[in-house]
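> pasting a predicted model and its sequence here:
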Amino acid sequence: MIEQHLDIPTADGAMNTFVVHPEEGGPFPVVLFYMDAPGKREELHDMARRLAAVGYFVVLPNLYYRRTRDFWLRERTEPAMAVMFEHMASLDARTTECDTRAMLQFVDAQSAADARRIGAVGYCMSGPFVMWAAAAFPERLRCIASIHGANMATDRPDSPHRVAHKVKCESYFACAEIDKWAPPADIEKLQVALRAAGTPHRIEWYPGAEHGFVFPLRAGIYNQVAAERHWERLFSLFGRTLSPAA
């Protein structure tokens, strides 16, 4: 495996990023990996490695680079969570478009990346981000996956359910049964919008799973059965939409 820690230039600054891909056999289809609110950390690097190990060029940026290069939530204390929410509130559809454009320009210049075949995955906070990315760059993204995505239907004009008509690629939504950030009423709004848009999609509920169920280090929340199902769904989605024949 080839791993790099590098800066990707964006219109807003230098976005420190983890990039990983197989050593041989490229160029590889690209997966843009949008982090969750606790920040870019080794736990996410390991998840990126798991994707890369089966044949993908994975790009995992620190989306908080405008404010800090090294934040990640080390303890779930009230002060630390407050800082995390401040960072989280600094990101929106505009920053997502900016950062996605920079990642696309980066992979376009990489000999190990096949930038004609690009998918994206987002977790929790970044569930909306993959929707915004697909809406902003419909000609570039072949698929997106939102895993226990938060705030998928809000009152904001850029709410994910309100941009569904701009999403042309196949999408997958893994929804935890126990999730205050994505209650059934919100997911129903998203479902209605996706159906109206006619975009290919799948919304799947994970019974008994809680928000954050995929993360192995999320004590008391990690659900191995549900997490492994999410990996199965991701590999199927990417294999189907990012293959040379797709």
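Here it is on my side, so go on.
> count of neighbours near Glu86?
Using other C-beta atoms under 10 Å, Glu86 is surrounded by 12 other residues. Where C-beta positions appear, they are placed from N, C-alpha and C, glycine not excepted.
> meant to ask about Arg202
13.
> tell me how far it lies from Arg233.
Noted for Arg202: a distance of 8 Å to Arg233, by C-beta to C-beta, to the nearest Å.
> repeat that for Phe57.
For Phe57, the distance to Arg233 equals 20 Å [C-beta to C-beta].
> same check, this time on Met1
Met1 is 23 Å from Arg233, by C-beta to C-beta.
> buried residues, the lengthiest helix in the chain. List them.
When the chain is parsed with DSSP state H, its longest helix is helix 224-241. By neighbour count on 16 or more other C-beta atoms under 10 Å, the buried set for helix 224-241 is Ala226, Ala227, Arg229, His230, Arg233, Leu234, Leu237, Phe238, Thr241.
> same thing with stretch 70-90?
Result for stretch 70-90 [16+ other C-beta under 10 Å]: buried residues Phe71, Trp72, Leu73, Met84, His87, Met88.
> got it, and stretch 174-182?
Going by neighbour count (16+ other C-beta under 10 Å), the buried part of stretch 174-182 is Ala174, Cys175, Ala176, Asp179, Trp181, Ala182.
> what helix or strand is the first one located in?
For Ala174, the host element (DSSP states H and E) is strand 170-178.
> and that strand, what other elements does it pack with?
helix 127-136, strand 141-147, helix 184-197, strand 201-210, helix 224-241 (3 or more C-beta pairs under 8 Å, 6 or more residues apart in numbering; DSSP states H and E).
> ok, which of those comes nearest His21?
helix 224-241 (13.6 Å; C-beta to C-beta).
> overlap of the contact sets of Arg202 and Arg233?
Both Arg202 and Arg233 are contacted by Tyr172, under the criterion C-beta atoms under 8 Å, 6 or more residues apart in numbering.
> ok, Leu73 touching Asp36?
No - applying C-beta atoms under 8 Å as the test, Leu73 and Asp36 come out as separate, 9.4 Å apart.
> the spatially most central residue of the chain sits in which helix or strand?
In the chain, the centroid-proximal residue (C-alpha atoms, centre = their mean) is Gly122; its distance is 1.7 Å. Using DSSP H and E, Gly122 sits in strand 113-123.
> residues contacting the closest residue to Glu23 other than its chain neighbours?
Once flanking residues are discounted, Glu23 sits nearest to Ile2: 5.5 Å by C-beta to C-beta, 6 or more residues apart in numbering. If you count contacts by C-beta under 8 Å, 6+ apart, Ile2 has them with Val20, His21, Pro22, Glu23, Ala112.
> rerun at 7 Å
Val20, His21, Glu23 (C-beta atoms under 7 Å, 6 or more residues apart in numbering).
> now list the buried members of the residues you listed.
The neighbour-count test (16+ other C-beta under 10 Å) marks Val20, His21 as buried among the contacts of Ile2.
> so which of the contacts of Ile2 belong to strands?
Counting by DSSP state E, the contacts of Ile2 place Val20, His21 in strands.
> pLDDT for the contacts of Ile2 - can I get that in a markdown table?
Below are the contacts of Ile2 laid out as a markdown table (pLDDT from 0 to 100):
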| residue | pLDDT |
| --- | --- |
| Val20 | 98 |
| His21 | 98 |
| Glu23 | 97 |
